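Asks: sequence and predicted structure, then a few things I'm wondering about:
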Amino acid sequence: MAIICREHGLLFLMAPRTGCTAIGSVLMEELGGEWLPHEDLLDKNGLFVVQKKHCTLQQLLQHNLLTEQERKQLVTFTAVRNPFDSLVSLYYKLHRGYQEELDDPDSWVYKVPGYADDLKLVRNMTFDQWINRFYPDLPFHLQNRPMNKARSLARRLMGRQVQVEDSFVQGVDHVMRFEQLQDDFSRVLKAAGVQNPPVIPKINTTKARSGKDYRSLYTPKTRRKVEVYKEGVLKAFGYAF
């Protein structure tokens, strides 16, 4: 989804696992925000076309939920997070946090193709097994190559292009970092003319993670996989292990 604050000319794109729920609550409760779209857009099979909570600027424009002229009048912003850290939180959400959703036949997990099946697999996997299951192995002859050569060849052999994570940052005016979220949020709002930016509350944290340092879960092999598959956001925002 996105949240639009028409009075303040703000459009916030909710990238997963970046504190978006907390920011969204602030925008709606204190700055007159509203959902865009107001409800999920589904196809004839009941699957997501555009999600109410997580959608990109391109989706809003493509499905005529926002016009190019309207977009030009808005300050658009989103957030990013270190992929190494983000993947650990995603694993715990899948492994524990979302498992109860499988008991509800009307849950959103059944509206994303393959998502429920993935949840059933992940609940019996360690983090290492999950990374190795969902990110294919690098060809053996690339595993000890210099990283720049390994990345280039692996992308070509596997048919994968470098992309900034999930396309949420594409076309936006400001990108906040999860690691300094309050400072960046205040900066964006002040640039839009909000003189007293509100404080972001702690909402929807990954409780199952229990504060674990993401570095403790990686092996050299899984670290290298993330360096290849998430190269776009790592390079674009200077993130590292």
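Replies: Yep, that arrived.

Asks: what segments of the chain are helices?
Replies: With DSSP state H as the criterion, the chain has helices at 20-30, 57-62, 68-72, 83-92, 115-122, 127-134, 147-158, 181-191, 220-229, 231-237.

Asks: what does the fifth one rub up against?
Replies: Looking back up the chat, that one is helix 115-122. 91, 94-95, 98-99, 101-102, 109-110, 130, 133-134 (C-beta atoms under 8 Å, 6 or more residues apart in numbering). All C-beta atoms are positioned from the backbone trio N, CA, C, and that covers glycine.

Asks: could you find the lowest-pLDDT member of those?
Replies: Lowest pLDDT within these is found at F134 (82).

Asks: now the helices of the chain in a markdown table, with distance to L36 and mean neighbour count?
Replies: A markdown table is the format used below for the helices of the chain (distance: least, C-beta to C-beta, whole Å; neighbours: other C-beta atoms under 10 Å):
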| stretch | distance to L36 | mean neighbour count |
| --- | --- | --- |
| helix 20-30 | 11 | 18 |
| helix 57-62 | 7 | 18 |
| helix 68-72 | 10 | 10 |
| helix 83-92 | 24 | 21 |
| helix 115-122 | 23 | 16 |
| helix 127-134 | 30 | 17 |
| helix 147-158 | 34 | 15 |
| helix 181-191 | 17 | 17 |
| helix 220-229 | 30 | 18 |
| helix 231-237 | 24 | 18 |
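
Asks: among those, where is the model least confident on average?
Replies: Looking over the helices of the chain, mean pLDDT reaches its minimum on helix 147-158, with a mean of 50.

Asks: could the contacts of helix 115-122 be laid out in TSV, adding distance to F241?
Replies: Listed next are those as TSV, based on distance: C-beta to C-beta, whole Å:
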residue	distance to F241
Y91	16
L94	21
H95	21
Y98	26
Q99	28
E101	31
L102	33
V109	30
Y110	35
W130	18
R133	21
F134	19
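
Asks: closest to L27 out of these?
Replies: For those, the minimum distance to L27 (C-beta to C-beta) is 24.5 Å, reached by Y98.

Asks: you'd agree the closest one is up against V112?
Replies: No: applying C-beta atoms under 8 Å, one finds Y98 not in contact with V112, separated by 11.0 Å.

Asks: please identify which of these two sits among more neighbours.
Replies: Counted by other C-beta atoms under 10 Å, Y98 and V112 do not tie: Y98 has more neighbours, with 20 against 12.

Asks: which residue packs closest to the more buried one, ignoring adjacent ones?
Replies: L119 (5.9 Å; C-beta to C-beta, 6 or more residues apart in numbering).

Asks: quick one: that neighbour from W130, how far?
Replies: Separation of L119 from W130 (C-beta to C-beta, to the nearest Å) stands at 11 Å.

Asks: quick check: neighbours shared by the two?
Replies: With C-beta under 8 Å, 6+ apart, L119 and W130 have common neighbours L94.
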